Structure formats: structure tokens, C-alpha cells
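**Student:** Sequence first, predicted coordinates after that:
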Amino acid sequence: MKTLRRSVGALLLFFICSTPALAAIKKGPYLVYEGQNTSMDVLWQTDVTESNVIRWGTDTSYGLGQATSAEYGTDHQHKFAVAGLQPGTKYYYQVDGYGSGSFRTAPASSATSVKILAFGDTRTYPANQESVASRMRSAYAADPAFQTLVLHDGDWVAGDTETDWTGQFFVPGSSYPQIHALQAEVPIEAARAAITRGPAPISRSTIPIRTRAASTGPMTTAPCTSRSSTST
């Protein structure tokens, strides 16, 4: 009996020691708009080398398609372009095991105006940004056209380090659910003329965001202000 108990104990110890640790999400999922009204890029970062499954559709059954995403770069980052979509349409997506979100594709090329949200100065005070994110989400819940794009006018983080990005911008959803949800629901783009304090406004390895000119035709913006951050 003692021999049996020792054998069972050894097997349990082997199983525990040989079971790989579960991966954790470091950033995302979040969105990047690459300039096409028929696609949207979904990005995320984990802490282990692995492939992930992403699904998408016009509702949360994600019936339009699915794909397996491999890493790019050297830091467990993923980027998948959900393509073949219709302009001006809301879609939903899910990265299995890591989160879900939605987005609205850019309007048709014949559109004469677009509604966007704008804000800035996201460094240092994520608690204030949580309030701003909540107001922006309320804005596009009331008017879905505002889910198209968020324009960031500068001061993303205080410095270009992993600690700055994860502590001030890619904050954990458990602590800042509104910020986390906003990033999963609207692509955030950098204004081309943004003035930024600190050594680096955008780390291309951390957040490959395209820059946009601040004036590209008729636009409607929604005011979502807080004490330290402003939309215009």
C-alpha cells in the first residue's frame, strides 16, 4: 500500500511539474485601422509562444469566419486582419481565451462626412482616463457612427518602456474595464501633428498605430472631457 501511495504521489508530482503554465494576456485585444473600409486589424500580446484562434461575425455567434494567428516579432505579439467586410458595418470578434470586442468599419468611399471621437494625454493618470473611456463608450452606444475611430492628439505615455505602456495605456481590464473595453471596440489613431512630451510618442514594436492628419474633410466630434484629458 505504501508503495502504491508513493507511486501515485510521484505521478501527481510529475503531472504538476510537467503541465505548462497558462498564458496570460499582456495587451489587448485592441484595434488598428489601416485605411481600408473593408478590413480591421485586431492585435494582442501574450506572455508565451503560441498560436491563437480568432473568430468574427455580425453578431456574437461569430459565424463569418475564423483563423489561427501565429506570432509576429519577438515578444509574443499577434496581429490579424479581418478582411472582406462591408463598409459602415458593425462586426464582433473573439480571440479564444483572451477576450472579445467589436468594431465598425469605415464608411463607404462615397460618404461625405464621418463621426469620430478625439482625446489625448493618456499618460500618468489612468483613473481619469477610465472616466473619459466610459463617456466615449456612452457616446457610440447612443450613436453607433461614433464607433468608427478615436483620434489621439498626443502624450500617450510618459516614456517608451514596457512599464509605461502597461501601466498607463494598456492597463488591466480588471482595474480599468472601460479603458480595456474602449481599446477592444474602437481603433485609436495618432494625429500626425500631435505634440508629445517624453522620449517617444509611439513605440512601433508596442503599438503599430498609423498616423492621421487632423483635418481630412467634414468630421463631427463628440465632447468627452475629464479633468486631465479632453476630446474636441
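**Tutor:** Yes, it's here. Here the structure is a predicted model, which means the values were calculated and not measured. Numbering: from 1, shown residues only.

**Student:** Can you show me the helices along this structure?
**Tutor:** Taking DSSP state H, the helices of the chain run over residues 2-18, 126-142, 162-164, 177-185.

**Student:** what's the neighbour count on residue 23?
**Tutor:** 15 (other C-beta atoms under 10 Å). (Glycine included, C-beta is placed from N, CA and C.)

**Student:** Next: residue 73.
**Tutor:** 11.

**Student:** per-residue confidence at residue 29?
**Tutor:** pLDDT recorded at residue 29 is 96.

**Student:** Residue 96 is in contact with that one, correct?
**Tutor:** No. Shown here, residue 29 and residue 96 do not form a contact pair, counting by C-beta atoms under 8 Å, at 11.0 Å.

**Student:** With neighbour numbers in mind, choose between these two.
**Tutor:** residue 29 (24 against 13).

**Student:** mind listing what the nearest residue to that one once chain neighbours are set aside touches?
**Tutor:** With C-beta to C-beta, 6 or more residues apart in numbering as the criterion, residue 29 has its nearest non-adjacent residue at 4.5 Å, and that residue is residue 44. By C-beta atoms under 8 Å, 6 or more residues apart in numbering, the contact set of residue 44 is 25, 27, 28, 29, 30, 52, 77, 78, 95, 98, 99.

**Student:** can we see that at 7 Å?
**Tutor:** If you count contacts by C-beta atoms under 7 Å, 6 or more residues apart in numbering, residue 44 has them with 25, 27, 28, 29, 78, 95, 98.
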